[in-house]
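Peer 1: below are the sequence and a predicted model for it; my questions follow.
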Amino acid sequence: MTAPSSGRFRSPWIPRAGWTLVVLGLAVFVWGMNRRADLAASDEGVVRMLFVPSVEQGTLAQRGDELARFIREDTGLILQTEVPTSYAAVIQALGSDQADVAWMPAFAYVIANQRYGAQARLQVVRSVDRFAIVVTRKGAGQPETMNDLRARRVAVPSSLEPELRERIVAALDREAEGWIAVDAENDLAAVRQLVERPLEVDAAVSSYVFSGPYDFVGDGRKELEYHRPGTLLDTRILFTTDTPVGERAQVYYGSVFSRVDSGARRLDEFAGRSFAFSDETSTSGHIFPRMLLNEHGVELSRVYFAGGHPNVIQAVWDGKAVGGAAFYSPPGETQAREGTLVGDARMLLLSRMPDIETRRAFLDEVRIVALSNPIPNDLCAARAGFSEDLWQRFERSFRRFISTPAGQEAYFDLVAGVDAASVDDSYFDGFRHALDSSGMSADSLLEAAEKKLESRRKPKEDDPKEKE
């Protein structure tokens, strides 16, 4: 009698089944790779996306890959991202079907639309943290607390963002029962009613963002101070909402700066004086501020181009120029977190200063005098003839991506945005008109941008270390 085996029974089919699974898995992998190659070769299910050369390559490589992986897993679309060497190359790629979509500044889009029929689809949206304030007059008999506004008249701007309006109205309802709303067009108009119609208005509401103490932007009091010196002395802030409302911004501005002690507090006071612009083709650092000065009939004396926004602020601070022009955006969460306080070009100098006291002292010395007309944020354009079905699939997945925490971070690193607004070509008509009025063309902006890119690359090419 044969003794039973002490080992476990092993079916001869088990190793065969294991190898079968391995072979099947390999076959599926190879099929997937071939399918992906076929899609890329035929352009079916492929979206080729470009970013303008101002995007830092390392950031793009990391964040672009994150976006591509998400969209591939979400929709099966293959997203190919790239940064060409020039703005012109981005525009040309849209015109020659070498790219499907591209993120670019407004001037590059205007050219791509005119030459090749590219269409604006999405625009970068940035966040601004706005508060609301209640302003009253100073003096005997004027309201001292919110309770003192019971059954009193308060000017409320219709331009107030809905959520901000809801919060300030709730505060007034809670603490100033029976208060009476008086309509005003905007922040400036509300405060003007307060100071110029004392028998009709007892307080005014205004939106508020942090600004320098002598800036003529930030809230209705400061805006009116430009037109009516003494407004800040005659009024005070009675109440400020506890938390800000994140307002979405699709534009930024050019702005005019001066030293507080320069004697130039109005645009017409720059006439015949020295002035620094960023560079000749900067939209916010020259073209739009120059238009603003021209509209006020200001003829400058010595004009020079400082070669960058921080250089303009430095020149004004040092007294080398009475005035200067650079970009402006209201401050948001980033400025609050990093302690740079403001969102305009001054933050480039503030970021180098060691402490908050030094930064506040600097803001005591350099003020914003006025803002230009709004300038559109960067946008995403699609080439003419790009599949509407592919675009819709891409956009839906892209929006799902930027709604995630990781996607929010990646999107901010790529284009400094927090959201993307749907736009069409008509949104940029005002920008085109402004360029025409200035005598500057989008083509000349492109040419200048290309020269700046070349000048950035040239030192690296001439550096022996770069050739090693």
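Peer 2: Good, I have the coordinates.
Peer 1: make it CA atoms for all contacts and neighbour counts henceforth
Peer 2: Noted.
Peer 1: and the one helix or strand Ile313 maps to, what's buried?
Peer 2: Secondary structure assignment for Ile313, by DSSP states H and E: helix 309-318. Using 16 or more other C-alpha atoms under 10 Å as the test for burial, helix 309-318 gives 309-317.
Peer 1: likewise stretch 406-416?
Peer 2: Buried positions in stretch 406-416, judged by neighbour count with 16+ other C-alpha under 10 Å: 407-408, 410-416.
Peer 1: what's the closest of those residues to Val125?
Peer 2: Ala416 (8.5 Å; C-alpha to C-alpha).
Peer 1: for that closest one, give its distance to Pro53.
Peer 2: 15 Å (C-alpha to C-alpha, to the nearest Å).
Peer 1: Ala434 too?
Peer 2: 25 Å.
Peer 1: next, the residue nearest the centre of the chain: secondary structure please.
Peer 2: The C-alpha lying nearest the average C-alpha coordinate of the chain belongs to Arg126 (C-alpha atoms, centre = their mean; 4.2 Å). Applying DSSP: H, G, I helix; E, B strand; the rest coil to Arg126 yields a three-state assignment of strand.
Peer 1: what's near enough to touch it?
Peer 2: By C-alpha atoms under 8 Å, 6 or more residues apart in numbering, Arg126 lies in contact with 248-250, 416-419.
Peer 1: care to break this structure down by domain?
Peer 2: Here the domain parsing of the chain from automatic domain parsing is 32-118+383-462, 127-247, 251-376.
Peer 1: got those as CSV, with mean pLDDT columns?
Peer 2: Converted to CSV, the domains of the chain look like this (pLDDT from 0 to 100):
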stretch, mean pLDDT
domain 32-118+383-462, 84
domain 127-247, 96
domain 251-376, 94
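Peer 1: for Pro157, give the beta-bridge partners.
Peer 2: Each beta-bridge partner of Pro157 is listed here, defined by DSSP bridges: Ala184.
Peer 1: from what I can see it touches Val205, true?
Peer 2: Yes. Counting by C-alpha atoms under 8 Å, Pro157 touches Val205, with 6.8 Å between them.
Peer 1: so what sits against both of those two?
Peer 2: What both Pro157 and Val205 touch, as defined by C-alpha under 8 Å, 6+ apart, is the set 187, 190.
Peer 1: centre of the chain to stretch 229-237, how far?
Peer 2: The chain centre lies 31 Å from the centre of stretch 229-237; the measure is C-alpha atoms, centre = their mean, to the nearest Å.
Peer 1: ugh, wrong one, I meant stretch 118-134
Peer 2: Relative to the centre of its chain, stretch 118-134 is centred 7 Å away, using C-alpha atoms, centre = their mean.
Peer 1: and what of stretch 306-318?
Peer 2: So, by C-alpha atoms, centre = their mean, the centroid of stretch 306-318 is 21 Å from its chain's centroid.
Peer 1: what's that stretch in contact with?
Peer 2: 257-259, 276-279, 285, 321-327, 345-346, 348-349, 365-366.
Peer 1: list the contacts of Phe362.
Peer 2: So Phe362 contacts Leu350 (C-alpha under 8 Å, 6+ apart).
Peer 1: is it part of a helix or strand, or is it coil?
Peer 2: From three-state DSSP, the assignment for Phe362 is helix.
Peer 1: tell me, how many residues neighbour the closest residue to Glu161 other than its chain neighbours?
Peer 2: What sits nearest to Glu161 in space, not counting adjacent residues and going by C-alpha to C-alpha, 6 or more residues apart in numbering, is Glu247, at 7.6 Å. Using other C-alpha atoms under 10 Å, Glu247 has 17 neighbouring residues.
Peer 1: what segments of the stretch 351-468 of the chain are helices?
Peer 2: 356-363, 388-402, 405-415, 429-438, 442-462, 464-467 (DSSP state H, counting those that start in this stretch).
Peer 1: same deal with the stretch 201-350 of the chain?
Peer 2: 220-227, 231-234, 288-295, 309-318, 333-338, 347-350.
Peer 1: who does the last one touch, helix- and strand-wise?
Peer 2: Counting by 3 or more C-alpha pairs under 8 Å, 6 or more residues apart in numbering; DSSP states H and E, the packing neighbours recorded for helix 347-350 are helix 309-318.
Peer 1: same question for the second one.
Peer 2: Taking 3+ C-alpha pairs under 8 Å, 6+ apart as contact, the helices and strands that helix 231-234 lies on are helix 220-227.
Peer 1: any idea how far Tyr109 is from Gly343?
Peer 2: 25 Å.
Peer 1: looking at the two, which has the bigger crowd around it?
Peer 2: Tyr109 (27 against 22).
Peer 1: look up how far Tyr252 lies from the more buried one.
Peer 2: 17 Å.
Peer 1: assign a three-state SS to the residue lying closest to Asp424 once chain neighbours are set aside, would you?
Peer 2: Spatially, and ignoring its direct neighbours in sequence, Asp424 is nearest to Ala120 (5.1 Å; C-alpha to C-alpha, 6+ apart). Of the three states, Ala120 takes strand according to three-state DSSP.
Peer 1: contacting residues for Ala120?
Peer 2: Applying C-alpha under 8 Å, 6+ apart, the residues contacting Ala120 are 109, 379-382, 423-425.
Peer 1: filter the residues you listed to the buried ones?
Peer 2: Buried, going by 16+ other C-alpha under 10 Å: 109, 379-382, 423, out of those.
Peer 1: now, these that are in strands?
Peer 2: 379-382 (DSSP state E).
Peer 1: closest to His296 out of the residues you listed?
Peer 2: Distances from His296 to those, taken by C-alpha to C-alpha, are shortest for Leu379, at 31.0 Å.
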